[in-house]
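Enquirer: sequence unknown, structure follows:
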């Protein structure tokens, strides 16, 4: 019983830290690309409004990026503490992939982040724009490697089993990196990050439109966000459908749990909209569904047979209730996002995008929906893989470290206290920044009064207060306010 309790606590601890970590990359991946778009539009059009929005969101990006890095470091230690058997046996495959992420994505982000945050007036516009693009590219490369690792655990290919039971790379790393589920998971996750960012930006824009619908900065960010929702959400729904078909091919019991199909259906399976999974009795209580629709979605044929969990041994079935409901939360939010995008399209067509207050209120309420959807999707993916950590090759129970439950419980409690204190403060400060509307000639990220660079903004133009141009040169000598041509 102690071993079972320790395993559950180790799983809860990893799920807790991953959930906290996941929300920050899901935001920073999309926000980095949004910043690159804003700066590119500023360079192309010369409109100050785009530069103001760039500086406004740059401060928020800096905090979210930092919290994502810190929360990610903690997770890596858990591989050695709580999951040492997994690290030992899968390390020859997973270790190099995670090292590639550090050597490519993290170094790229770290190398150009300082230029992006503080170097606009020091390196020139084009070079600064290149730095912004490099940071955005780095976030994508990071997602590439991490998702490759995780996808390999779901659909392992290209490996060999060594004499000591270790997973070793085979003849080609490409078979490991581009495993069968990886392309679908990469597209689905990156699109989810873009949509998450779009609804945060749209929610902030809606908040400020509700207070002042003439605010040009709020109008622009709301318009851009709603275009993203209108165009990308339908693409995401299609990508999710393709990902589901791939999952049905390689992890059928996960799809069975998602659909609530305890029984096999030889002549067409229903799509259950509601029900209460009952693992003990192997049935879906109070089920309400649409006949044969699941077969149409998964097989593109109303009468196509679908196997159920009655074909899977009991000890290989995932916890159906968690997978069933997390999947419906993700899908339900996805269609709610689609509705907001279509509503915004209608408002745009009728030239009421900035006037319909109920649209703004709904967009504000939907601002955190992307975070909920990505966490629900992650739960569906990871819990649906159980009882395996490497699908059909290594069970989760066999991957854990030989630790006692009290030791894991103590570290879990410490994580909960520290995470809510530290990251709670960071989230509160992000919300504080979002609460303030963007202004004309928005100031950039500050490094402090004693640093050689005080803000990341460009040198003020003739329409600004000349005192804003006061700065110290690299030697610390105060210079008089001046304007550049």
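Expert: In hand now; what should we look at? Please read these numbers as outputs of a predicted model, since none were measured by experiment.

Enquirer: And stretch 26-42, what's buried?
Expert: By neighbour count, and taking 16 or more other Cβ atoms under 10 Å as the criterion, the buried residues in stretch 26-42 are 26-39, 41-42. Every residue, glycine included, has its C-beta placed from N, CA and C.

Enquirer: Stretch 216-226 too?
Expert: Taking 16+ other Cβ under 10 Å as the neighbour-count basis, stretch 216-226 is seen to contain the buried residues 217, 218, 219, 220, 221, 222, 223, 224, 225, 226.

Enquirer: For that stretch, give me every contacting residue.
Expert: Taking Cβ atoms under 8 Å, 6 or more residues apart in numbering as the criterion, the residues outside stretch 216-226 that touch it are 34, 37, 49-50, 52-53, 56, 198-199, 201-202, 204-209, 212-213, 340-341, 344-345, 348, 353-354, 360, 363, 437-439.

Enquirer: Quick one: buried ones out of these?
Expert: Judged by neighbour count, with 16+ other Cβ under 10 Å as the criterion, the buried members of those are 34, 37, 49-50, 52-53, 56, 198-199, 201-202, 204-209, 213, 340-341, 344-345, 353-354, 360, 363, 437-438.

Enquirer: Just name the closest of the buried residues of stretch 26-42 to residue 255, please.
Expert: residue 26 (23.7 Å; Cβ to Cβ).

Enquirer: which helices and strands sit right next to the helix or strand harbouring the closest one?
Expert: When elements are defined using DSSP states H and E, residue 26 is found to belong to helix 2-45. In terms of contacts (3 or more Cβ pairs under 8 Å, 6 or more residues apart in numbering; DSSP states H and E), helix 2-45 is packed against helix 48-81, helix 125-154, helix 182-211, helix 369-383, helix 396-399, helix 405-435.

Enquirer: cutoff 7 Å now
Expert: On a contact count with 3 or more Cβ pairs under 7 Å, 6 or more residues apart in numbering; DSSP states H and E, helix 2-45 meets helix 48-81, helix 125-154, helix 182-211, helix 369-383, helix 405-435.

Enquirer: Relative to the whole chain's centre, how far out is it?
Expert: Here the centre of helix 2-45 is set off from its chain's centre by 5 Å, with Cα atoms, centre = their mean, to the nearest Å.

Enquirer: between the buried residues of stretch 26-42, which is closest to residue 385?
Expert: Taking Cβ to Cβ as the measure, residue 385 lies nearest residue 26 of the buried residues of stretch 26-42, at 19.9 Å.

Enquirer: how close does the closest one sit to residue 378?
Expert: Distance of residue 26 to residue 378, computed by Cβ to Cβ, to the nearest Å: 9 Å.

Enquirer: Which helix or strand in this structure has the lowest average pLDDT?
Expert: helix 120-123 (a mean of 83; mean pLDDT, DSSP states H and E).

Enquirer: Export the buried residues of stretch 216-226 as JSON lines, with columns for secondary structure and distance to residue 61.
Expert: Compiled in JSON lines, those are given as follows (DSSP: H, G, I helix; E, B strand; the rest coil; distance: Cβ to Cβ, whole Å):
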{"residue": "217", "secondary structure": "helix", "distance to residue 61": "16"}
{"residue": "218", "secondary structure": "helix", "distance to residue 61": "18"}
{"residue": "219", "secondary structure": "helix", "distance to residue 61": "21"}
{"residue": "220", "secondary structure": "helix", "distance to residue 61": "17"}
{"residue": "221", "secondary structure": "helix", "distance to residue 61": "14"}
{"residue": "222", "secondary structure": "helix", "distance to residue 61": "19"}
{"residue": "223", "secondary structure": "helix", "distance to residue 61": "20"}
{"residue": "224", "secondary structure": "helix", "distance to residue 61": "16"}
{"residue": "225", "secondary structure": "helix", "distance to residue 61": "15"}
{"residue": "226", "secondary structure": "helix", "distance to residue 61": "21"}
